[in-house]
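In: What would the 3D arrangement of this be:
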Amino acid sequence: MTRVIEMPQRCDEPKAPPLAGYGDIMSAKEVSEATGICERVVRARLADGTLPGVKIGCRWVVPKNKLIDRLGLGAA
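Out: The predicted structure is shown next:
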């Protein structure tokens with residue numbers, strides 16, 4: 001029987017960019033999923049300007065690059 005041992009990721013290996021699985025424009029629901037913050041709280045933070053976003057009709061849209069900047073997830 002052959003055992004497969006998974007090696008831990010090395011510290012010097014490049015990491016995926018933050019929020020890589022999402023498009024350039026994110027919905028409030030996607031922001032909620034990506035950050036682990038309740039969708040209601042995300043919408044409240046968008047409304048009060050704590051999170052960057054624009055309301056178009058009844059939907060909030062969030063530019064991913066602005067969210068990354070606001071959350072401090074960009075390159076140091």
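In: Could you tell me the average pLDDT over the lengthiest helix in the chain, please?
Out: Looking across the chain with DSSP state H, the single longest helix is helix 39-48. Mean pLDDT, helix 39-48: 96.
In: Other residues contacting whichever helix or strand comes after that helix?
Out: Downstream of helix 39-48, the first helix or strand assigned by DSSP states H and E is strand 54-56. For strand 54-56, the surrounding residues in contact (C-beta atoms under 8 Å, 6 or more residues apart in numbering) are 46, 47, 60, 61. For glycine as for every other residue, the C-beta is placed from the backbone atoms N, C-alpha and C.
In: Could you do stretch 32-45 as well?
Out: Contacts for stretch 32-45 (C-beta under 8 Å, 6+ apart): 19, 22, 26, 28, 29, 31, 51, 60, 71.
In: in the helix or strand encompassing residue 66, what's buried?
Out: In the assignment (DSSP H and E), residue 66 maps to helix 64-71. For helix 64-71, the neighbour count (16 or more other C-beta atoms under 10 Å) marks 64, 67, 68 as buried.
In: which helices and strands sit right next to that helix?
Out: strand 25-27 (3 or more C-beta pairs under 8 Å, 6 or more residues apart in numbering; DSSP states H and E).
In: what's the average pLDDT for the strand it packs on?
Out: 96.
In: ok, it: who's next to it in the sheet?
Out: strand 59-63 (antiparallel) (DSSP bridges).
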